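>>> Attaching a predicted model along with its sequence, questions to come.
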Amino acid sequence: MTTTALATSPLKATDRCDSCGAQAYIRVVLNEGELLFCGHHGRRHEAKLRPIAVEWHDETDRLQPQPTPVTD
Ligand SMILES: [Zn+2]
């Protein structure tokens, strides 16, 4: 019985999006390093990064749908 060492550590509240500094919910592991993105920027860069990503760790399902206040 072999145990896989690919235990992905969950993203922490201190992990920040590389693009905007919001809390990160997506971690993209590339050969040369890793990137952190919020849900918004993760989606934006997904098409470009996903094909070259070693691992795509997505925790956006932890995001509760925020009731957006309608102000207009
Ligand atoms: Zn962002």
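Now that the structure is in, tell me what you want to look at. Residues are numbered from 1 along each chain as shown.
>>> got the residues of this protein near the ion?
Within the chain, the residues that sit near the ion (CB under 5 Å from the ion) are C17, S19, C20, A22, C38, H41. Every residue, glycine included, has its C-beta placed from N, CA and C.
>>> how much space between the residue nearest the centre of the chain and D72?
In the chain, the residue lying closest to the centroid (CA atoms, centre = their mean) is I26, at 0.4 Å. Distance, I26 to D72, using CB to CB, to the nearest Å: 30 Å.
>>> Tell me where the model's unsure across this structure.
1-8, 66-67 (pLDDT under 70).
>>> what are the ranges of the helices in it?
39-49 (DSSP state H).
>>> contacting residues for H45?
S19, V28, L35, F37 (CB atoms under 8 Å, 6 or more residues apart in numbering).
>>> actually P10, not the one I typed
Applying CB under 8 Å, 6+ apart, the residues near P10 are E59.
>>> Likewise for F37?
So F37 contacts C17, D18, S19, A24, Y25, I26, R27, V28, R44, H45 (CB under 8 Å, 6+ apart).
>>> out of those, who's nearest the ion?
C17 (3.3 Å; CB to the ion).
>>> Please name the residues that touch the closest one.
Contacts of C17 by CB under 8 Å, 6+ apart are Q23, A24, L36, F37, C38, H40, H41.
>>> Which ones among the residues you listed map onto strands?
If you go by DSSP state E, the contacts of C17 have L36, F37 in strands.
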